[in-house]
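Colleague: give me coordinates for this.
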Amino acid sequence: MSQVLQYPLHNILEARCRLGEGPIWDSTKKLLYWIDIFNHRVHQFDPITGENRFFDVGDVLGAIAIAGQDKLTMALRHHLAFLNIKTGEVTPILEVEKNLPNNRLNDAKCDTQGRFWFGSMSTVEKPEASLYRYDADGSLHVMETGLTISNGLGWSPDENIFYLTDSPQQKIYAYDFNSVTGNISNRRIFVDLTQESFYPDGLTIDSQGNIWSAMWNGWCVICFNPQGEEILRIKLPVPLVTSCTFGGENLQTLYITTASVGLSQAEIDKSFYSGDLFAVETDVTGLPSYSF
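Modeller: Reported below is the predicted structural model:
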């Protein structure tokens, strides 16, 4: 039986961004990185001081991952690039899906071996999106095709299961995962939300293997146990909840990004804090963000 948990919810940054997304926690620097997709910004938030700085990367930005000291890997509209977070310099790596001008790159994460997994997004009419794996040796691998919006991805704590979200299809899929080879197989439906009015977006996974999925148009984050059963939801004061990650000193703070894009003035009046950054102190421990 699911419960609505009344964890204390904090609005930690009144960002009012258009499409906040992709939060990752840097355990070394004790900083939260997150993005504003349509404003082309990579944000760096210090939860101790409350200071937030950003880098304009000059293109639509789908996702980021840590890439060692003072560097991030980015999935931009049609290419991968590095961002130097000291200088703001953007260094292109490779182009992806240039032949699909209506597509763009979307959510991403690194696995424990440092491989950068990222997807693209297309339309329901033309499900031409894919999931890719970019390895440290510079090789690019197509891992899945026929998607609409490749979104929310992650791995179980034992690395035996890989999760992938297709938002318009309202499904979270599970695959068998081989951490040595980086291969996925045996896709099955893990969570089916086709009877709901909202859409699963970005996700994160805790140390117990529970999946925390942000719900676009759902005003909440829902936590599913490893059997795919809803066990709790965290309500937010905004409808467009986009992604989440665990951070903080003990990886027990759930950071949540939100969006304001596409909302009417009446909807914004009703959900004034849309686009802000939120945090919830939980009693569970998350998994760390891995570096490319």
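Colleague: drop to CA atoms for contacts and neighbour counts, all remaining ones
Modeller: Noted.
Colleague: quick one: low-confidence ranges for this protein?
Modeller: 1-6 (pLDDT under 70).
Colleague: again, 80 this time
Modeller: 1-7, 124 (pLDDT under 80).
Colleague: which of the residues in the lengthiest strand in it are buried?
Modeller: In terms of residue count, the longest strand belonging to the chain (DSSP state E) is strand 183-192. For strand 183-192, burial by neighbour count (16 or more other C-alpha atoms under 10 Å) applies to 184, 190-191.
Colleague: paired strands for it, with orientation please.
Modeller: Strand pairing for strand 183-192, determined by DSSP bridges: strand 171-178 (antiparallel).
Colleague: can you dump the C-alpha coordinates of the strand it pairs with into CSV?
Modeller: Output of strand 171-178 as CSV, limited to C-alpha atoms (Å, rounded to 0.1, in the frame of the first residue of the first chain):
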residue,chain,number,x,y,z
LYS,A,171,6.4,3.0,-19.0
ILE,A,172,9.6,2.2,-17.1
TYR,A,173,11.4,-0.8,-18.5
ALA,A,174,13.8,-3.2,-16.9
TYR,A,175,16.6,-5.0,-18.6
ASP,A,176,19.2,-7.6,-17.6
PHE,A,177,22.5,-5.9,-17.3
ASN,A,178,26.1,-7.2,-17.7
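Colleague: all helices for the stretch 151-292 of the chain, in order.
Modeller: 265-270 (DSSP state H, counting those that start in this stretch).
Colleague: mind listing the strands for it?
Modeller: In the stretch 151-292 of the chain, the segments counted as strands under DSSP state E, counting those that start in this stretch are 161-166, 171-178, 183-192, 199-205, 211-216, 220-224, 230-235, 241-247, 253-258, 277-281.
Colleague: same list (those strands) but as CSV, adding distance to Phe55.
Modeller: Converted to CSV, the strands of the stretch 151-292 of the chain look like this (distance: least, C-alpha to C-alpha, whole Å):
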stretch, distance to Phe55
strand 161-166, 28
strand 171-178, 32
strand 183-192, 34
strand 199-205, 22
strand 211-216, 25
strand 220-224, 28
strand 230-235, 30
strand 241-247, 20
strand 253-258, 17
strand 277-281, 17
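Colleague: pick the one among the buried residues of strand 183-192 closest to Thr49.
Modeller: When the buried residues of strand 183-192 are compared for distance to Thr49 (C-alpha to C-alpha), Val191 wins out at 38.1 Å.
Colleague: for that closest one, give me its contacts.
Modeller: 171-173, 228-229 (C-alpha atoms under 8 Å, 6 or more residues apart in numbering).
Colleague: now swap in Trp212 and tell me
Modeller: Trp212 sits next to 203-206, 221-224, 244 when contact means C-alpha under 8 Å, 6+ apart.
Colleague: and the gap between the nearest residue to Trp117 once chain neighbours are set aside and Gly20?
Modeller: Nearest non-adjacent residue to Trp117, counting by C-alpha to C-alpha, 6 or more residues apart in numbering: Arg133, 4.4 Å away. Going from Arg133 to Gly20 by C-alpha to C-alpha, to the nearest Å gives 24 Å.
Colleague: which one's more surrounded, these two?
Modeller: Gly20 (31 against 22; other C-alpha atoms under 10 Å).
Colleague: give me the distance from the helix or strand harbouring that one to the chain's centre.
Modeller: Take DSSP states H and E as the rule and Gly20 turns out to sit in strand 20-26. Mean-position distance between strand 20-26 and its chain equals 7 Å (C-alpha atoms, centre = their mean, to the nearest Å).
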